[in-house]
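Trainee: this one's structure only:
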């Protein structure tokens with residue numbers, strides 16, 4: 001039977017800390033595939049990457065689950081193979097297949113990682129209740145982040161939130177800021193949460209609706225958008241400049257509800273984030289048929305270091321929900 005001896009392990013679901021795991025696989029000679037002597041150093045994250053990739057024989061699926069590039073998973077598995085001295089997969093072009101060595105390690109990890117996860121869960125359940133204040137600035141993806149706050153608050157009633165939606169409030173006093181990837185916050189760690197498409201929209205009865213538009217049509221149109229400090233305004237200006245024009249902004253409104261109402265009433269066009277505003281749109285606002293252009297934004301979570309246990313747990317919960 002495989003034997004797992006953990007000499008030092010940081011019990012966390014987070015992918016940042018390193019882990020040191022010492023393995024001894026004691027195999028009967030007739031089933032001897034590999035023997036790993038005590039003293040070999042491996043990161044637990046490497047073993048997780050291998051195990052999850054072995055489940056579906058695909059590095060890309062594992063990469064998406066951990067929100068890292070496929071190359072990061074592939075390199076981690078190769079380092080593990082070098083340390084073991086044997087290949088774990090047979091590689092055929094862009095495809096991988098688990099070999100006999102990999103199957104034996106997969107069997108050992110199925111038990112060991114399950115026991116480790118169960119231990120982490122048991123420790124977490126017996127830990128003191130989270131408490132304290134989390135200072136949060138929400139500058140984009142407001143409705144979704146607000147739902148995350150409500151869910152987290154329900155699970156951890158002793159945690160309080162101090163929330164701001166002010167785009168121009170800087171960084172002083174905030175533990176966590178939610179903004180897009182065009183922002184720059186020195187001293188903060190950046191964690192990408194999700195990438196969402198953007199599309200131009202207008203009122204359902206707008207003369208621009210229902211026909212194929214040119215960039216010249218949009219250049220002549222009136223725009224409704226947020227103030228220059230807002231993430232959505234930055235991306236609106238960027239997309240329009242890529243198309244070769246500056247948007248003619250006639251209304252600036254930092255309240256998404258009233259911005260959408262101005263559009264619905266036919267005052268002009270706007271650039272809409274598809275996922276963030278999905279639940280807030282109705283038949284009164286329709287997408288416009290514009291020339292092909294890549295219009296998207298990446299929503300990020302920026303946080304200070306170090307964070308309180310409550311803030312760490314909140315950041316982790318938001319990441320998991322956005323996956």
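Mentor: Yep, it's here. Please read these numbers as outputs of a predicted model, since none were measured by experiment.

Trainee: Contacts only, for residue 198.
Mentor: 235, 239, 271, 272, 273, 274, 295, 296, 297 (C-beta atoms under 8 Å, 6 or more residues apart in numbering). Quick note: C-beta positions are derived from backbone N, CA and C, even for glycine.

Trainee: nope, residue 250 is what I meant
Mentor: 222, 223, 224, 267, 268.

Trainee: coming back round to it: can you flag which of the contacts of residue 198 belong to helices?
Mentor: 235, 239 (DSSP state H).

Trainee: among the contacts of residue 198, which one has the lowest pLDDT?
Mentor: Within the contacts of residue 198, residue 295 has the lowest pLDDT, namely 79.

Trainee: so which of the contacts of residue 250 comes closest to residue 165?
Mentor: residue 224 (18.5 Å; C-beta to C-beta).

Trainee: Am I right that that closest one sits in a helix?
Mentor: No: secondary structure of residue 224 (DSSP: H, G, I helix; E, B strand; the rest coil): strand, not part of a helix.

Trainee: Surely it is in contact with residue 259?
Mentor: Yes: contact criterion C-beta atoms under 8 Å: residue 224 and residue 259 qualify, at 6.0 Å.

Trainee: which residues do the two both contact?
Mentor: With contacts taken as C-beta under 8 Å, 6+ apart, residue 224 and residue 259 have 251, 253, 270 as neighbours in common.

Trainee: From residue 223, how far off is the second one?
Mentor: When distances are taken as C-beta to C-beta, to the nearest Å, residue 253 and residue 223 turn out to be 11 Å apart.

Trainee: Between those two, which has more neighbouring residues?
Mentor: residue 223 (23 against 18; other C-beta atoms under 10 Å).

Trainee: Please name the spatially closest residue to the more buried one (chain neighbours excluded).
Mentor: residue 247 (4.2 Å; C-beta to C-beta, 6 or more residues apart in numbering).

Trainee: same deal with residue 271?
Mentor: In space, residue 271 is closest to residue 236, 4.5 Å off (C-beta to C-beta, 6+ apart).

Trainee: Let me know the distance separating that neighbour from residue 148.
Mentor: 25 Å.

Trainee: Same check on residue 202?
Mentor: For residue 202 relative to residue 148 (C-beta to C-beta), the value is 31 Å.

Trainee: before we move on, what about residue 168?
Mentor: 23 Å.

Trainee: Name the residue in these two with the higher neighbour count.
Mentor: residue 148 (20 against 10).

Trainee: A helix includes that one, no?
Mentor: Yes: according to three-state DSSP, residue 148 belongs to a helix.

Trainee: Confirm that residue 195 sits in a strand.
Mentor: Yes: looking at residue 195 with three-state DSSP, it is inside a strand.

Trainee: separation between residue 288 and residue 199?
Mentor: With C-beta to C-beta as the criterion, residue 288 and residue 199 are 7 Å apart.

Trainee: neighbour count winner among those two?
Mentor: Taking neighbours as other C-beta under 10 Å, residue 288 and residue 199 compare with residue 288 leading, 21 against 16.

Trainee: which residues touch the more buried one?
Mentor: Contacts here follow C-beta under 8 Å, 6+ apart; on that basis residue 288 touches 199, 200, 201, 202, 208, 209, 213, 218, 269.

Trainee: The residue nearest to residue 271 reaches residue 247, doesn't it?
Mentor: Yes: contact criterion C-beta under 8 Å: residue 236 and residue 247 qualify, at 6.1 Å.

Trainee: Need the residues touching each of the two.
Mentor: Common neighbours of residue 236 and residue 247 (C-beta under 8 Å, 6+ apart) are 223, 225.

Trainee: Please look at residue 98 and residue 77 and confirm they touch.
Mentor: No: between residue 98 and residue 77 there is no contact under C-beta under 8 Å: 11.2 Å.

Trainee: Leaving out chain neighbours, which residue sits closest to residue 264?
Mentor: That would be residue 284: by C-beta to C-beta, 6+ apart, it lies 4.2 Å from residue 264.

Trainee: Compute the number of surrounding residues for that neighbour.
Mentor: 14.

Trainee: Report the contact partners of it.
Mentor: 203, 204, 264.

Trainee: Would you mind listing where the stretch 201-323 of the chain has pLDDT under the threshold?
Mentor: Within the stretch 201-323 of the chain, the segments meeting pLDDT under 70 span 323.

Trainee: In it, mark out all the strands, start to finish.
Mentor: 222-225, 248-252, 270-273, 285-287, 296-303 (DSSP state E, counting those that start in this stretch).
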